[in-house]
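> with the input below, show me the fold.
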Amino acid sequence: MNFNACKPNSRMPALKRNGIVVIVPAFNEAAHIGKVLQEIKRESKIVNEIVVVDDGSTDRTAEIARANGATVIRLETNEGKANAVLKGLKHARSKNAEFAVALDADIIEFPNYAIERMVTPLILSEKCSMVVAWSKELSGYKDFAHSMSHDYSGNRAFRLSALEPLFRKVKGHSKRRLFEGSGYGLEVALNHSIPEKAVFKIENSFFVQMHAFKNGEADYKRQQAQMKKVRRAIEARKRLAAFIRKKRNVLKGRVLPK
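Take a look at the predicted model:
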């Protein structure tokens, strides 16, 4: 898809009544959440609801979010980013939203028409399931004060119907298991679950964020461990799928001709 064909247009295609829900997972982000919500509200004409998932914060994150008109989903304990985003997606699904936009809570600079630019590829092409926006972090741990690649950006827009497998149980199991508790491994799980050909990456515009490992080495090590755990789970699933395919091929070869 060519982004030149997806530039913001004041005449947006018609959306469903509950078309776009913006989800902001937040943990102790009282310093930034107000500005983030004010920026989102600038695009209120296309955003139907803003949901802040307060991931067990001990500061005024939830209070400030409510004061800025957001729906607040409060988690009693810090369950991690992945669970917070899943809670938000589940809420958007319950509202019959067509699209969901997940934004990090520590953004300090928004590109113009950020949300509109993120959902436009989804609207213009039904083959597009996810849009990933580039992020630039101003502070970090070790060598992480740099522009993040799309693979690890938390700022994404989704076609909710493409995420339906996350909520549908199959033979007593759910694909949610790859995501639940994955924390910072959320983006790795999303990259695996949505085919690359259905992903649009915004190259020429980015969000500016502050955080990148607030607690230094402890956060860095936790992120690496969570991402590694998700990658191992993905490899295990691939091996299982290959084993099942092999067994099926063997069984097909044993079928006697009529």
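> now the residue nearest to Phe200 when sequence neighbours are not counted: how far from Ala198?
The spatially closest residue to Phe200, leaving aside those adjacent along the chain, is Pro121, at 4.2 Å (CB to CB, 6 or more residues apart in numbering). In this view, the C-beta of every residue, glycine as well, is placed from N, C-alpha and C. From Pro121 across to Ala198, the span is 10 Å (CB to CB, to the nearest Å).
> more neighbours: those two, which one.
Pro121 (24 against 14; other CB atoms under 10 Å).
> where does that one sit: helix, strand or coil?
Using DSSP: H, G, I helix; E, B strand; the rest coil, the structure places Pro121 in helix.
> does it touch Cys128 like I think?
Yes: with contacts defined as CB atoms under 8 Å, Pro121 counts as touching Cys128 at a distance of 4.8 Å.
> hmm, back to that, give me the common contacts of Pro121 and Ala198.
Residues touching both Pro121 and Ala198 (CB atoms under 8 Å, 6 or more residues apart in numbering) are Cys128.
> let me know the average pLDDT across the host helix or strand of Ile202.
For Ile202, the element it lies in under DSSP states H and E is strand 199-209. The pLDDT scores in strand 199-209 average 76.
> can you dump the C-alpha coordinates of that strand into CSV?
Extracted in CSV, the C-alpha atoms of strand 199-209 (Å, rounded to 0.1, in the frame of the first residue of the first chain):
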residue,chain,number,x,y,z
VAL,A,199,0.5,-4.7,8.0
PHE,A,200,1.0,-1.1,6.9
LYS,A,201,4.0,0.7,8.4
ILE,A,202,3.9,4.5,8.5
GLU,A,203,7.4,5.6,7.6
ASN,A,204,7.4,9.4,7.4
SER,A,205,5.8,10.4,10.7
PHE,A,206,6.5,9.4,14.3
PHE,A,207,5.5,9.9,17.9
VAL,A,208,8.0,11.2,20.4
GLN,A,209,8.0,9.4,23.8
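> can you list the strands that that strand pairs with?
strand 107-109 (antiparallel), strand 130-137 (parallel) (DSSP bridges).
> can you tell me which of those is nearest to Gly34?
strand 107-109 (11.5 Å; CB to CB).
> now do the helices in this structure.
Listed from the start of the chain, the chain has helices (DSSP state H) covering 33-41, 61-67, 81-94, 114-124, 176-179, 186-193, 217-253.
> and Pro195, how many neighbours?
For Pro195, the count of nearby residues is 11 (other CB under 10 Å).
> which stretches of the protein have low pLDDT?
1-18, 136-150, 168-179, 181-184, 204-205, 209-258 (pLDDT under 70).
> again, 50 this time
The chain contains residues with pLDDT under 50 at 1-11, 139-147, 172-173, 213, 255-258.
> give me the contact list for stretch 196-205.
Contacts of stretch 196-205 (CB under 8 Å, 6+ apart): 1, 3, 6, 111-112, 114, 117-118, 121-122, 127-134, 150, 162, 191.
> and for stretch 155-163?
89, 92-93, 97-104, 107, 115, 118-119, 122, 126, 128-133, 135, 190, 194, 198, 207.
> stretch 42-49 too?
Residues contacting stretch 42-49 (CB under 8 Å, 6+ apart): 12, 15, 17-22, 40-41, 71, 92, 95, 97, 101, 113-116, 119.
> pull out the buried members of the residues you listed.
Buried by 16 or more other CB atoms under 10 Å: 19-22, 40, 71, 92, 95, 97, 101, 113-116, 119, out of the contacts of stretch 42-49.
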